[in-house]
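Trainee: Generate coordinates for the sequence data below:
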Amino acid sequence: MTKVTCNHQARVEIKDLLLRAYIGIKEEEINNQQDVIINVRLTYDATEAISRNEISAALNYRTITKQIIGHVDGNRFALLERLTHEVLNIVMEHTAVQWAQVKVDKPHALRYTESVSIRLEAHR
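Mentor: As a prediction, the model looks like this:
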């Protein structure tokens with residue numbers, strides 16, 4: 001097998017992370033938890049992880065997911081924009097992440113809609 005030397009840009013997707021939080025400004029939203037659905041897309045250079053085939057060389061997306069759960073689940077946010085921003089900050093705290101996009105959906109936020117979502121992204 002021929003060894004190819006190049007950078008391997010990995011794209012990681014954390015799909016449909018379903019959590020519950022107090023989200024909104026109306027009294028019923030302040031007093032009752034609601035579902036939020038979080039999707040994260042990120043890129044990082046996986047060259048070393050591929051080469052070494054060891055978890056210590058890879059971006060640990062399980063850790064990122066646990067941090068998001070710990071920050072969001074059961075907590076309070078007035079605005080969907082703020083919640084999305086805070087999740088994006090958690091992802092970008094990992095220095096290996098080169099680009100990230102976070103989308104947070106609030107199901108049934110508006111009458112006659114499946115959901116309302118906010119999407120933010122950042123890059124190094």
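Trainee: quick one: the helices in the protein?
Mentor: Under the criterion DSSP state H, the chain contains helices at 27-31, 47-52, 61-72, 80-92.
Trainee: and the angle for the last one with helix 61-72?
Mentor: What that stands for is helix 80-92. Here the directions of helix 80-92 and helix 61-72 differ by 150 degrees (axes from the mean of the first three to the mean of the last three C-alpha atoms, to 10 degrees).
Trainee: which parts of helix 80-92 are buried?
Mentor: Buried residues in helix 80-92, defined by neighbour count with 16 or more other C-beta atoms under 10 Å: Leu80, Leu83, Thr84, His85, Glu86, Val87, Leu88, Ile90, Val91, Met92. (Each C-beta comes from the backbone N, C-alpha and C, glycine too.)
Trainee: leaving aside the residues next to it on the chain, what's closest to Ile50?
Mentor: His8 (5.4 Å; C-beta to C-beta, 6 or more residues apart in numbering).
Trainee: returning to that earlier point: could you dump the helices of the chain into JSON lines and include distance to Ser117?
Mentor: Formatted as JSON lines, the helices of the chain follow (distance: least, C-beta to C-beta, whole Å):
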{"stretch": "helix 27-31", "distance to Ser117": "16"}
{"stretch": "helix 47-52", "distance to Ser117": "31"}
{"stretch": "helix 61-72", "distance to Ser117": "15"}
{"stretch": "helix 80-92", "distance to Ser117": "8"}
